[in-house]
Every structure is written in C-alpha cells, then in structure tokens.
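*Asks:* Only the shape, not the letters, is given here:
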Ligand SMILES: O=C(O)Cn1ncc2ncnc(NCCc3cnc(NC(=O)Nc4cccc(Cl)c4)s3)c21
C-alpha cells in the first residue's frame, strides 16, 4: 500500500501542500510522503477539541472500522494516523476533484447520466460496507468526495457503526437525511443507508433534499409521513428508484444489489468504460 504499514509517521514525514478544506473538527491539507513521494490528504485535529466535543470514542471507532476495510474504489482510504503532543492526524487517500457538495452547489443539480453513475458507485460502496456489517449512517453530499477520475469516494466514517445498533449519541447536523426509524429513535439497521441513498438521489437531481423545511419539527413531520413531492423535471425512471428507496418500512426499501439493474441506472449507463 502507498503508506507503509508499521512505519512510524510524524508530521516531519510529510511536505505539507495547499489547504484542501476546513472539515469538521479540523483542517485538511494536501501532503506528500517524503520517503515515497506519495500524495495524500492530511487531516489535522486538536486533541482538546475532540475531547471538548466528546467524540474521541467515535474517532477511535472510525479508525477501527477503517482499519478492517480493504480497498474499494468508492471508499476513501484511511491509511493511518499519528499524533503529537496536542494534535491528532489522519493520513487519508487524496480525492483529486474535491468535495461533492461544492460541485453540486455549483452545478445546482446533476443530470440523469452523472447522477445515476454517482448513485450506482455509492450503492456499490454501501453494499461492500453492509456485507462487513457496517452501516455508514451519515450519507450526504458533505461526506462524498470525487477522485481524480471523477469517481465518488464515500468518506468520513465518524458516524459509522457495526450493526445492529441503536444510536447512543445525539444527532448533530442536518436532519434531512435521517429515515423515520432514526428520527423516531427506534432501533435501526443497515436499511437506514437505503433511505439516505433515496434522499441523496433526490438531492442530486433536484438540488435540495426532499423533506427540507426551515424548522426541524416540520422536517421531522415530513420525514415521518414520507411527505414526498417529486417535481416533473425528474425522469420517470429516477422517480421510481427514489420512491422505492424512500419507503417508511425499512424492509420495503429497494435492495442495494438490485440497483445496478434498475432501469434508471441501465438506461443512463455510458457505453464505456
Ligand atoms: O474534505 C475536505 O476538506 C476536502 N478534501 N478535498 C480533497 C480531499 N481528499 C481527501 N480528504 C479530504 N477531506 C477529508 C475527508 C475525511 C475523511 N475521513 C474523515 N474522518 C474524520 O474526519 N473523522 C473524524 C474526525 C473528528 C472526529 C470524528 Cl468523530 C471523526 S474526514 C479532501
């Protein structure tokens, strides 16, 4: 692998390049491993911040989850981590085309060809995780990156857990992607990712998530009732997949393994590669 296992890394092992972004809890830089010349992304976090926000357990779980994932083209690799007196560092695969949500905000929305390719790749990553009894639980444009060749990279397993699970820590961030069983704080399993994939498909094609409301309570109500309005601009095939994923009953949600054969994906698959 590009980052040698067992080698002790320190900040001095890297030449630090440009700042890539200001993620949660820290900054991300482009970095080059001096010994191998390999380019990666280095996330720098203050230990006291992780402690203050009580996320060190989540952080350790992410490291553990990522360490038993092998290569998947649509999962951003976490190669390793190290720390100094005040900071923790994540050595991450570098996603050459940056953050998905920036591309989505800039374009407004994606067409059927691009959206269906992204959704098919994310379904492949989720299927891989589910087979390893891992649910991502935080699927949203902010946690998607784009690799050098335009492929999607599922990233940030800070919220992932091994199934079956009932959420212990409080939710933070947007409610938009939560399925009914999570906003109702019921036990949930890998099928929460299927719901989120439906929300993501909608947001890719429309430009905003389906149950978005100014007030949390209103969002919660629309999710609970599955108050879904799909605009006529969305193709019939895409609308079909969205409806099959945004099912209130988890067991009725469309299975990931059938996504590559769904008409919307098949119809919009490019002839190459
Ligand atoms: O996002 C950018 O700023 C832009 N960007 N652009 C290119 C690029 N290439 C790679 N990575 C990037 N960003 C880091 C993505 C992450 C992956 N894994 C993470 N894990 C995490 O933050 N865990 C974590 C931290 C603190 C507390 C807890 Cl509970 C969990 S962040 C890139």
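*Replies:* That came in fine, so what should we check first? All of these numbers come straight from a predicted model, not from anything done at the bench. Numbers count the residues shown, from 1 in each chain.

*Asks:* For this protein, which residue gets nearest to the ligand?
*Replies:* The chain approaches the ligand most closely through residue 21 (2.3 Å), counting by CB to the nearest ligand atom. (C-beta placed from N, C-alpha, C; glycine too.)

*Asks:* for that residue, what are its contacts?
*Replies:* When contacts are counted by CB atoms under 8 Å, 6 or more residues apart in numbering, residue 21 touches 27, 28, 98, 99.

*Asks:* and if we set it to 10 Å?
*Replies:* Contact partners of residue 21, counting by CB atoms under 10 Å, 6 or more residues apart in numbering, are 27, 28, 29, 41, 43, 98, 99, 102, 145.

*Asks:* Need phi/psi at it.
*Replies:* phi 180, psi 170 (degrees, to the nearest 10).

*Asks:* Can you say which of the contacts of residue 21 are buried?
*Replies:* 28, 29, 41, 43, 99, 145 (16 or more other CB atoms under 10 Å).

*Asks:* The fourth one in helix, strand or coil?
*Replies:* Right, the one you point to is residue 43. strand (DSSP: H, G, I helix; E, B strand; the rest coil).

*Asks:* burial measure for the residue lying closest to it once chain neighbours are set aside, as a count.
*Replies:* For residue 43, ignoring the flanking residues on the chain, the nearest one in space by CB to CB, 6 or more residues apart in numbering is residue 90 at 4.1 Å. Residue 90 has 23 neighbours, counted by other CB atoms under 10 Å.

*Asks:* What are the phi and psi values at residue 90?
*Replies:* Note on residue 90: backbone dihedrals following degrees, to the nearest 10 are phi -110, psi 130.

*Asks:* Residue 50 is in contact with that one, correct?
*Replies:* No - with contact defined as CB atoms under 10 Å, residue 90 does not count as touching residue 50 (11.5 Å).

*Asks:* Show the contacting residues for the closest residue to residue 212 other than its chain neighbours.
*Replies:* Nearest residue to residue 212 in three dimensions, chain neighbours excluded: residue 176, at 5.7 Å (CB to CB, 6+ apart). By CB under 10 Å, 6+ apart, the contact set of residue 176 is 140, 196, 199, 202-203, 208-213, 219, 222-223.

*Asks:* so can I have CSV of these showing secondary structure, neighbour count and distance to the ligand?
*Replies:* Converted to CSV, the contacts of residue 176 look like this (DSSP: H, G, I helix; E, B strand; the rest coil; neighbours: other CB atoms under 10 Å; distance: CB to the nearest ligand atom, whole Å):
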residue, secondary structure, neighbour count, distance to the ligand
140, coil, 19, 13
196, helix, 27, 17
199, helix, 25, 20
202, helix, 28, 23
203, helix, 22, 18
208, coil, 12, 21
209, coil, 20, 20
210, coil, 21, 25
211, coil, 25, 25
212, coil, 16, 23
213, coil, 16, 27
219, helix, 20, 24
222, helix, 17, 28
223, helix, 27, 24
